[in-house]
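# What would the 3D arrangement of this be:
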Amino acid sequence: MLKLPGDEFVTIELVHDRSRGRRDSGTALSHFVIEVESMDATIAELAARGVESEEPTSPDGSADFRTAWIVDPDGNRIELVQWPVGHADGLTAADWAD
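Numbering: from 1, shown residues only. You can find the predicted model right below:
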């Protein structure tokens, strides 16, 4: 994750999954995460451009925290995230609070 000095939130998140092993690119990058304002609008726009996505789901079962997956032409997985109302624009320390 990349959180620049003075930023309240993480601006770039690269997820590494050691169980996937190394890829041709020399890394074991699992996926990128991109925040979207509206999952429905984003999925519709991507579909109009010929980009397929998995059906959006909610990690916590709520209607406003949603994720969906797309795959780029190189096979890299990209996770789209629509944060719930009132959530910071990205991951913060509160996401790991007990």
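
# And the closest residue to residue 77 other than its chain neighbours, how close does it get to residue 81?
Leaving out its chain neighbours, the residue that sits closest to residue 77 by Cβ to Cβ, 6 or more residues apart in numbering is residue 31, at 4.0 Å. Glycine gets a C-beta too; all of them are placed from N, C-alpha and C. Note on residue 31: its distance to residue 81, by Cβ to Cβ, to the nearest Å, is 11 Å.

# Could I get the full set of strands for this protein?
14-16, 29-35, 66-71, 77-82 (DSSP state E).

# With mean neighbour count added, can I get those strands in TSV?
Formatted as TSV, those follow (neighbours: other Cβ atoms under 10 Å):
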stretch	mean neighbour count
strand 14-16	11
strand 29-35	16
strand 66-71	18
strand 77-82	18
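
# Mind checking these for the one nearest to residue 46?
Of all these, it is strand 66-71 that lies closest to residue 46, at 6.6 Å by Cβ to Cβ.

# Turn the strands of the chain into a markdown table, including distance to residue 54.
Putting the strands of the chain into a markdown table (distance: least, Cβ to Cβ, whole Å) gives the following:
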| stretch | distance to residue 54 |
| --- | --- |
| strand 14-16 | 16 |
| strand 29-35 | 12 |
| strand 66-71 | 4 |
| strand 77-82 | 10 |
